[in-house]
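1. Need the 3D shape of this:
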Amino acid sequence: MIVLIVMIAGVIKARVRSGRDWRGQQLEESKDTLTLRDDVRQLKERIAVLERVVTDNHGSLGLDREIERLRDR
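-> Now for the predicted structure:
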């Protein structure tokens with residue numbers, strides 16, 4: 001019985017994650033949800049750029065010099 005309950009909960013959880021309710025009907029997304037999704041997408045893009053900058057060893061020395069030059073202004 002416990003296994004059955006866990007399996008049903010897993011199916012419901014998967015449907016909710018996919019944007020559907022427990023009956024399989026599509027859930028409507030609010031304007032706030034869409035805004036948050038867009039914000040998360042933009043932040044992920046910015047993080048990817050920052051990761052490239054930080055892990056680029058060849059360009060990091062030049063970047064350090066450029067940052068110091070800009071601070072001196």
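2. and R65, how many neighbours?
-> A count of nearby residues for R65, using other CB atoms under 10 Å, gives 10. Where you see a C-beta, it was placed from the backbone N, CA and C, and this is true even at glycine.
3. got a list of what it touches?
-> Applying CB atoms under 8 Å, 6 or more residues apart in numbering, we find R65 in contact with no residue.
4. Can I take it that it is in a helix?
-> Yes. R65 forms part of a helix when assessed by DSSP: H, G, I helix; E, B strand; the rest coil.
5. ok, it to R52 distance?
-> Distance check for R65 against R52: by CB to CB, to the nearest Å, it reads 18 Å.
6. how close does T35 sit to R73?
-> When CB to CB is applied, the distance between T35 and R73 equals 37 Å.
7. quick one, which of the two is more surrounded?
-> Ranked by neighbour count (other CB under 10 Å), T35 and R73 place T35 first, with 11 against 4.
8. what's the average pLDDT for stretch 37-48?
-> Averaging pLDDT along stretch 37-48 yields 91.
9. Repeat that for stretch 52-63.
-> Over the span of stretch 52-63, the pLDDT mean works out to 70.
10. start to end distance for it?
-> Between the opening and closing residues of stretch 52-63 lies a distance of 12 Å (CA to CA, to the nearest Å).
11. now for the biggest helix by length in the chain, which elements pack on it?
-> Ranked by residue count, the top helix of the chain under DSSP state H comes out as helix 31-55. Counting contacts by 3 or more CB pairs under 8 Å, 6 or more residues apart in numbering; DSSP states H and E, the secondary-structure elements packed against helix 31-55 are helix 57-72.
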